[in-house]
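Visitor: What shape does this take:
(2 chains)
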Amino acid sequence: MTKIGVLALQGAVREHICQIESLDCEAIAVKTIEDLNCLDGLILPGGESTTMRKLLDRYHLLEPIQTLAQQGIPMFGTCAGLILLAKEITGLKIHHLGLMDVIVERNSFGRQKDSFEVELPIPSIGNDIPAVFIRAPHIVSVGDNVEILATYEKRIVLAKDGQFLGCSFHPELTKDVRVLQYFIDMVNDFTKTSLTKINTK
Amino acid sequence: MIQVGTDRVKRGMAEMQKGGVIMDVINAEQAKIAEAAGAVAVMALEKVPSDIRKAGGVARMADPRIVEEVMDAVTIPVMAKARIGHIVEARVLESIGVDYIDESEVLTPADEEFHLLKSDFIVPFVCGCRDLGEATRRIGEGASMLRTKGEPGTGNIVEAVRHIRKVNAQVRRVVGMSVDELMTEAKNLGAPFELLLEIKRLGRLPVVNFAAGGVATPADAALMMELGADGVFVGSGIFKSENPEKFARAIVEATTHYRDYKLIAEISKELGTPMKGIDIATLDVSERMQERGW
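Guide: Model (predicted):
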């Protein structure tokens, strides 16, 4: 069974776990370094990125997650998770995991009163994908190898950089699992490819 | 079509706060300390509950200038308190763009009969509760988040324990009941029937429920999580302690890793004196903030 970890320091962990299980995968709540063993993919959920970063540092999880990324493990960041993945954050001198070749801006749609939901067409996934934006960030610009999967009002809100998938909104707050399915397909492709590599050695 | 202020957007905001600590602050400097310690949000007010208790008189919404100062100082969400039933205080806070309003019994109620119709607002609300009847009435009015009341400003966890245990026991009871028993349960609790049906279907409350009112130490915060809270509000406990920075960090860590007792032992060492507590039995019923709200 495909094992998907969800970083469980703070935020919308339960929602991701429910969606993962609804797609017949095993969900692992990741709180410590040991929980990172044997994962096929990792989700960085929505929450408060500032808080999550503090906790990542305190529990020495930053480097182990970066190492996991070097092994090619697919990772998916939603909202705050996207901020954790990004190589650059507007207005901040530091990045967090610094894995995905994008520049993101925090709270770029405004405060909570400006939060909204909308249905987005995402050509590589499907039509009318419900997207909930909560004090959401957006992707200001992307590196050469990054595929832009969705925009909303000319802002990039979903992109893929090889093994990394990042979105501004919260697919986990809806009943629609198509975005997660897209990520799980990425995970299964990676698992297959690495198995083939091992077999041909 | 774009929609703002929907239940999903308002409740979703609270979902993002789960597992975190929301701290009371009275100025920009305290807000920065809270953010640096890892708070998921701050509650901007003029006085923390223990000082409100000491000061007596009528406690009202904070000066909007303080709230704006805090909003400018941090990037985490900022909450503020309005008096129970005070439509205009709530509208004022909404107009300056706070991220969440607490219709709070810590302030002196403006209406002793009716709470705000919170579904009428774009901004989400958090409300206090002591039992499932109170909890579901607030959700019925449109609250997007709950917090068990405890007894604010006492540094005494006993009421917070009572309330979170009660709410969760009543949720379990509803979940275990058959549907044909729920109308009578709704009558007994003073709860909207449809919400009890929803609780039974979900197996839990439909909104996030934090614990509040008396958390003074890291172990207190962890206890609330152990008893099933989704997160913790700390009012006077941080900035009335001897070393707010250390206390704030330790309470955040204990909330995340509430079952890691060795870690809690470690972070509890030499923390300094927590806020001075009050024995609830010495408080007259009229002095108990938890009695406010209907």
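
Visitor: then the host helix or strand of residue B:30 to PDB, C-alphas only?
Guide: Residue B:30 is part of helix B:28-37, with elements assigned from DSSP states H and E. Extracted C-alpha coordinates of helix B:28-37, given in PDB (Å, rounded to 0.1, in the frame of the first residue of the first chain):
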ATOM      1  CA  ALA B  28       2.900  45.000  19.300                       C
ATOM      2  CA  GLU B  29       5.800  44.100  21.400                       C
ATOM      3  CA  GLN B  30       4.000  41.200  23.100                       C
ATOM      4  CA  ALA B  31       2.500  40.100  19.700                       C
ATOM      5  CA  LYS B  32       6.100  39.800  18.400                       C
ATOM      6  CA  ILE B  33       7.100  37.700  21.300                       C
ATOM      7  CA  ALA B  34       4.100  35.400  20.800                       C
ATOM      8  CA  GLU B  35       4.800  35.100  17.100                       C
ATOM      9  CA  ALA B  36       8.500  34.300  17.700                       C
ATOM     10  CA  ALA B  37       7.500  31.600  20.200                       C
END
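
Visitor: pLDDT (mean, whole number) over stretch A:10-18?
Guide: For stretch A:10-18, the mean per-residue pLDDT is 95.

Visitor: ugh, wrong one, I meant stretch A:28-41
Guide: 94.

Visitor: Any part of that stretch near chain B?
Guide: Yes. Stretch A:28-41 comes into contact with chain B (CB under 8 Å from any CB of the partner chain), by way of residue A:31. Every C-beta, even on glycine, is put in place using the N, C-alpha and C of the backbone.

Visitor: how far out from the middle of the chain is that stretch?
Guide: 15 Å (CA atoms, centre = their mean, to the nearest Å).

Visitor: For that stretch, buried residues please.
Guide: A:28, A:30-31, A:35-36, A:39-41 (16 or more other CB atoms under 10 Å in any protein chain shown).

Visitor: Stretch B:56-72 too?
Guide: B:59, B:61-62, B:64, B:66-71.

Visitor: Could you tell me which of those are located in helices?
Guide: Among the buried residues of stretch B:56-72, the members falling in helices (DSSP state H) are B:64, B:66-71.

Visitor: Turn those into TSV, including pLDDT and distance to chain A.
Guide: Shown next, in TSV, are those (pLDDT from 0 to 100; distance: CB to the nearest CB, whole Å):
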residue	pLDDT	distance to chain A
B:64	97	15
B:66	95	17
B:67	97	12
B:68	97	12
B:69	97	15
B:70	97	13
B:71	97	8
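
Visitor: Residues touching stretch B:30-39, excluding its own?
Guide: If you take CB atoms under 8 Å, 6 or more residues apart in numbering or on different chains as the criterion, stretch B:30-39 is touched by A:50-51, A:54-55, B:20-23, B:25, B:42, B:44, B:70, B:73-76, B:78, B:238-239, B:244-245, B:248-249, B:251-253.

Visitor: Can you tell me the SS state at residue B:259?
Guide: coil (DSSP: H, G, I helix; E, B strand; the rest coil).

Visitor: So what's the residue count around residue 131?
Guide: Let's take chain A. Neighbour count of residue A:131, defined by other CB atoms under 10 Å in any protein chain shown: 25.

Visitor: actually it's chain B I care about, not the one you picked
Guide: 18.

Visitor: Return the distance of the helix holding residue B:30 from the chain's centre.
Guide: Taking mean C-alpha positions (CA atoms, centre = their mean), helix B:28-37 and its chain are 19 Å apart.

Visitor: just the strands in the chain please.
Guide: Answering for chain A, as no chain was given. In chain A, the strands defined using DSSP state E lie at A:3-7, A:26-30, A:41-44, A:75-78, A:86-89, A:100-105, A:116-122, A:126-133, A:138-142, A:147-152, A:155-161, A:164-167.

Visitor: Chain B was what I was after
Guide: B:3-4, B:21-25, B:41-44, B:78-83, B:100-104, B:125-129, B:145-148, B:208-211, B:232-234.

Visitor: so how far is the fifth one off the chain centroid?
Guide: So the one you mean is strand B:100-104. For strand B:100-104, the distance to the chain centre is 8 Å (CA atoms, centre = their mean).

Visitor: now it and strand B:125-129, what's the angle there?
Guide: 30 degrees (axes from the mean of the first three to the mean of the last three CA atoms, to 10 degrees).

Visitor: any residues touching strand B:100-104, and which ones?
Guide: In contact with strand B:100-104 (CB under 8 Å, 6+ apart) are residues A:112, B:13-14, B:41, B:43, B:77-85, B:90, B:93-94, B:115-116, B:118, B:121, B:123-128, B:143, B:145, B:147.

Visitor: Which strands border it, and is each parallel or antiparallel?
Guide: strand B:78-83 (parallel), strand B:125-129 (parallel) (DSSP bridges).

Visitor: Roughly how far does the closest residue in space to residue A:167 that isn't next to it in sequence sit from residue A:150?
Guide: Of all residues not flanking residue A:167 in the chain, residue A:158 sits nearest, at 4.3 Å (CB to CB, 6 or more residues apart in numbering or on different chains). As judged by CB to CB, to the nearest Å, residue A:158 and residue A:150 stand 4 Å apart.

Visitor: any shared contact partners between those two?
Guide: A:122, A:167.

Visitor: what about the longest helix in chain B?
Guide: Per DSSP H, chain B has its longest helix at helix B:158-176.

Visitor: residues in contact with the spatially most central residue of chain A?
Guide: For chain A, the residue nearest the mean C-alpha position is residue A:77 (1.4 Å; CA atoms, centre = their mean). Counting by CB under 8 Å, 6+ apart, residue A:77 makes contact with A:43-44, A:83-85, A:100, A:164-167.

Visitor: Find me the pLDDT at it, would you?
Guide: Confidence score, pLDDT, at residue A:77: 98.

Visitor: about what we covered before: any chance of JSON lines for the strands paired with strand B:100-104, columns mean pLDDT and mean neighbour count?
Guide: What follows is the strands paired with strand B:100-104, written out as JSON lines (pLDDT from 0 to 100; neighbours: other CB atoms under 10 Å in any protein chain shown):
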{"stretch": "strand B:78-83", "mean pLDDT": "98", "mean neighbour count": "27"}
{"stretch": "strand B:125-129", "mean pLDDT": "98", "mean neighbour count": "27"}
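
Visitor: Need the ones you listed in JSON lines (columns: distance to residue A:195).
Guide: Listed next are those as JSON lines, based on distance: least, CB to CB, whole Å:
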{"stretch": "strand B:78-83", "distance to residue A:195": "49"}
{"stretch": "strand B:125-129", "distance to residue A:195": "48"}
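
Visitor: circling back: which of the strands of chain B sits closest to residue A:66?
Guide: strand B:21-25 (26.9 Å; CB to CB).

Visitor: tell me how far the closest one is from the chain's mean position?
Guide: 10 Å.

Visitor: If you average the pLDDT over it, what comes out?
Guide: Here the average pLDDT along strand B:21-25 is 97.

Visitor: In space, what's closest to residue 96 - neighbours in sequence excluded?
Guide: No chain in the question, so chain A it is. Residue A:96 sits nearest to residue A:84 (CB to CB, 6+ apart), 4.5 Å away.

Visitor: right idea, wrong chain: chain B
Guide: That would be residue B:64: by CB to CB, 6+ apart, it lies 5.5 Å from residue B:96.

Visitor: repeat for residue A:81
Guide: Per CB to CB, 6+ apart, closest to residue A:81 is residue A:44, 3.1 Å.

Visitor: Correct me if wrong: the one you found contacts residue A:80.
Guide: Yes. If you go by CB atoms under 8 Å, residue A:44 and residue A:80 touch, sitting 7.5 Å apart.

Visitor: quick one: common contacting residues for these two?
Guide: Joint contacts of residue A:44 and residue A:80 (CB under 8 Å, 6+ apart) are residue A:52.
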